[in-house]
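Visitor: okay, sequence plus prediction incoming.
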Amino acid sequence: MLRLATAAVVGTAAVLLLLRRRSSHARAMSPTLLCLAAKSGEEQQLAQALKRKLEQNKGLLQISDQEKEVKVCMKADSDECEFRAEMYMDLICASKFGRFLVWSPRLSSTHDLVSKNFDEIPVGTVCVTDVQFKGRGRSKNVWESPMGCLLFSFTLQMQDGKKLPLLQYIVSLAITESIKQLCQDKGLEQIDLRIKWPNDLYLEGLKVGGVLCTSSYHSKFFNVSAGVGLNVDNENPTTCLNAVIRKMNPNSVKLEREEILATFFNKFEDLFDIFVNQGFHVLEDLYCKTWLHSGQKVVIEENNDKVEVTIQGLTPAGYLLATDEENKSYELHPDGNSFDFFKGLVRRKLQ
């Protein structure tokens, strides 16, 4: 099992993996390219070790039934890596996350790659692709992933299972905070990127992104795979960050995928440390300033009765905290059937 080593920055190293996808027919399809880049010398050694391991066991890396055969080579042997790994590595300051990068121009699912191969890649690895054709959303919904999206998944470990449901809020908050930071650094007018509970990102009333966190338990740790899709340059099917920036100022510089990803990990690492060591309550005010729901009226239908409640925040378990006209407190849960969480809420009275 390979694990991420924290080390001083001594340069950027990269390895390439070529995976051949086979169609359901016997005819071979064009190869899928994977590019591995590492931040430090020690992480470069991990990349070399992974390269050797995959060469010795060509079926080791699991992605999908269409992506089985693996060929490994060094970056110097190919110039096909369009994701600017050097730019990304220069910008990332995180010591635990995002320092080991896997990029592909086209992949079935970044989330499947990191979750299915959790034990074969360093903890903290991020997988990025330009287009994915089996992207995953909440409740197995398909996430549309056209060119122009920032699509990535990364791995981490946690021990406290009670905090696990709140992790998606930390990931969402790191996205919104990183966009704020980048707009400030680049002298851009702030765009109003907001969180829609529990795991969607909205801009000008339209969905532009989402977060997915899954986990498994092994040897006293929760192995977590966190995935993000964010519309950066694609105006369809809704809108995107750069379209809104251009609308405010046609001459503005645009946000780049590489700098968004690096800034995200720089923010996420700080927020995650606070979350693990101090608890979510320390970050709750910041989260509630960023979401869409403070003071929102919601109508709950129960036993043919309709009750209006007002959202106040989050409960310790991560569900919605609401009050009725008599100021009684309730915890709101999704019913598990509705695509829109706010059209299928069930209330539970809090003592």
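Guide: Good, I have the coordinates.

Visitor: Leu166 belongs to a strand?
Guide: No. Counting by DSSP: H, G, I helix; E, B strand; the rest coil, Leu166 is not found in a strand; it is helix.

Visitor: kindly state the pLDDT recorded for it?
Guide: With respect to pLDDT, Leu166 has a value of 97.

Visitor: residues contacting it?
Guide: For Leu166, the contacting residues are Phe275, Phe280, Gly318, by Cβ atoms under 8 Å, 6 or more residues apart in numbering. (Each C-beta comes from the backbone N, C-alpha and C, glycine too.)

Visitor: show me the beta-bridge partners of Cys149.
Guide: Beta-bridge pairing of Cys149 under DSSP bridges involves Asn231.

Visitor: any idea where the strands of the stretch 251-351 of the chain begin and end?
Guide: With DSSP state E, counting those that start in this stretch as the definition, the stretch 251-351 of the chain shows strands at residue ranges 297-302, 305-314, 320-323, 329-334, 345-349.

Visitor: and among those strands, the most buried is which?
Guide: strand 320-323 (a mean of 20; mean count of other Cβ atoms under 10 Å).

Visitor: what is the rounded mean pLDDT of it?
Guide: Strand 320-323 carries an average pLDDT of 92.

Visitor: what ranges do the strands span in the stretch 101-250 of the chain?
Guide: Under DSSP E, counting those that start in this stretch, the stretch 101-250 of the chain gives strands at 126-132, 149-158, 194-196, 200-203, 206-218, 221-231.

Visitor: helices or strands up against the shortest one?
Guide: It refers to strand 194-196. Counting contacts by 3 or more Cβ pairs under 8 Å, 6 or more residues apart in numbering; DSSP states H and E, strand 194-196 packs against helix 167-185, strand 200-203, helix 281-290.

Visitor: ok, which of those comes nearest Asn57?
Guide: Taking Cβ to Cβ, helix 167-185 is the member of these nearest to Asn57, at 31.8 Å.

Visitor: not counting its own residues, what contacts the closest one?
Guide: 158, 188-191, 193-195, 198-199, 201, 209, 211-213, 224, 226, 228, 230, 241, 255, 259-260, 263-264, 266-268, 271-272, 275, 280, 283, 286-287, 290, 314, 318.
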